[in-house]
Every structure is written in C-alpha cells, then in structure tokens.
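Q: Got a predicted model here, sequence first, then my questions.
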Amino acid sequence: MFYSVRILDPKGNLKKIISSKKLSNRFWRKYEQGETHPMDMEDYGLEPEKGLGKSSGSSKMDERQPPG
C-alpha cells in the first residue's frame, strides 16, 4: 500500500503532492520492467536528499581496527 506524499520546499510550503495511485502504478510498472530502484526521486522532478543513497567510498568507521 502506498500513501500519498507531500513534497515541501525548505520553507515548509507545499511544492507537490504525489497520489498513492500514481506511486503504486509507477512502482509496479518499473518492477515489471526489471528496474532495480523503482522509487527514484528524479523521476518526479525531485532531487534526493543529501546523505541518502549509496556511499561513495570508505569511511573512517570502516578503517577502524577492533581493540586487541
């Protein structure tokens, strides 16, 4: 089940509403086409938030050695 989504600008003003039916139709169409990420924000003319998605390299946490 998909819920309608309200997109707000940084000031909190309503920018766009995406209906649940539109989200559902788009998801299943992309799923049937074999898309790996059927919910890409760019398809709605939106930019994904910074910090979300795949990381581009190792972090300091990855390099840390266990105590011992």
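A: Yes, it's here. Residues are numbered from 1 along each chain as shown.

Q: Next, Ile18: phi, psi?
A: Torsion angles at Ile18 (phi, psi; degrees, to the nearest 10) stand at phi -110, psi 120.

Q: Could you find the closest non-adjacent residue to it?
A: Val5 (4.6 Å; Cβ to Cβ, 6 or more residues apart in numbering). Where C-beta positions appear, they are placed from N, C-alpha and C, glycine not excepted.

Q: what do you get for Ser20?
A: Nearest non-adjacent residue to Ser20 (Cβ to Cβ, 6+ apart): Phe2, at 4.4 Å.

Q: What is the three-state secondary structure of Glu35?
A: coil (DSSP: H, G, I helix; E, B strand; the rest coil).

Q: From Leu14, how far out is it?
A: As defined by Cβ to Cβ, to the nearest Å, Glu35 lies at a distance of 28 Å from Leu14.

Q: same deal with Tyr31?
A: From Tyr31 to Leu14 the distance is 29 Å (Cβ to Cβ).

Q: Also Phe27?
A: On the measure of Cβ to Cβ, Phe27 and Leu14 end up 23 Å apart.

Q: When those two are compared, which one has more neighbours?
A: Ranked by neighbour count (other Cβ atoms under 10 Å), Phe27 and Leu14 place Phe27 first, with 14 against 9.
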